[in-house]
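>>> model this:
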Amino acid sequence: MSIFHRTMDRLADFIWTGRKVNLRFTAEYRTACYAVPLIKKLLAEGEDGDTYRTALVPWHEVERPPLASYQGDTSRCRIDGPWQQTGRNWLPLGGLILSPGVTAHLDPFEAQALHEQMQQAIEVVIRAWVRDHDLTALPPVPEHFNRRRADRIAKAKIAASASSNSACGTCATGPGDITDHGSGDTAEAPCNARRKGLDHD
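Residues are numbered from 1 along each chain as shown. Model (predicted):
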């Protein structure tokens, strides 16, 4: 493509940001059956499409396909694939730890050990949440749900909570504003107005 055509194409992108383009892919049948639903989600307009695309941004920043990513407030780790079979076991190709003052690449065995510890920690937190909220006392529900109705209820709760926060002026306003200090206490508990908005459907 000539410099002129490249310049015109960039200009068109700038002027007609809302224009539609046709995409064409060639893939094996079984791969296509799996990939097409994902592609449709990635190309969707609106909040859903934006969220799916944002979730895949890290894929473009790494050299290997990530098997798992775990992220804290200031630290994160990544387990890199593809999986490699060794006898009856499977190992990742490596991993990465990013923490304040630390950038560390992991070998396959270190990455697998960290992956297992992260999974164990997640299991502990989930089971603690189930226990603390007495979820076993509730009747089982289907995994799938009415998306439209559930989104409407969730957004109503968020709006009610935002309104309550504005009214009381002292509530925590973001996920990072309530901090666990390891003793079970929180740095700032939600006020009564906010708690009402969260606790009732």
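
>>> which residues of this structure score low on pLDDT?
1-18, 168-201 (pLDDT under 70).

>>> What segments of it are helices?
When assigned using DSSP state H, the helices of the chain occupy the ranges 3-15, 29-42, 47-55, 108-132, 147-168, 192-199.

>>> could I get the ones you listed as CSV with mean neighbour count?
Yep, even glycine has a C-beta here, placed from its N, CA and C like the rest. As requested, the helices of the chain are exported to CSV (neighbours: other Cβ atoms under 10 Å):
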stretch, mean neighbour count
helix 3-15, 10
helix 29-42, 11
helix 47-55, 12
helix 108-132, 13
helix 147-168, 12
helix 192-199, 15
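
>>> I'd like these written out as a markdown table, with distance to residue 100 added.
Below are these laid out as a markdown table (distance: least, Cβ to Cβ, whole Å):
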| stretch | distance to residue 100 |
| --- | --- |
| helix 3-15 | 38 |
| helix 29-42 | 33 |
| helix 47-55 | 24 |
| helix 108-132 | 18 |
| helix 147-168 | 30 |
| helix 192-199 | 31 |
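
>>> residue nearest the centroid of this protein?
For the chain, the residue whose C-alpha lies nearest the mean C-alpha position (Cα atoms, centre = their mean) is residue 55; its distance is 5.9 Å.

>>> Can you tell me how far it is from residue 66?
11 Å (Cβ to Cβ, to the nearest Å).

>>> In contact with residue 110, which residues are there?
Listed by Cβ atoms under 8 Å, 6 or more residues apart in numbering, the contact partners of residue 110 are residue 95.

>>> Start the count at 7 instead of 1 going forward.
Will do, 7 is the new start, and the previous item becomes residue 116.

>>> how much space between it and residue 86?
The spacing between residue 116 and residue 86, counted by Cβ to Cβ, is 11 Å.

>>> Next, show the common contact partners of the two.
Contact criterion Cβ under 8 Å, 6+ apart; residues bridging residue 116 and residue 86 by contacting each: residue 101.

>>> got the contact list for residue 101?
Taking Cβ under 8 Å, 6+ apart as the definition of contact, the neighbours of residue 101 are 83, 84, 85, 86, 111, 112, 116, 117, 120, 121.
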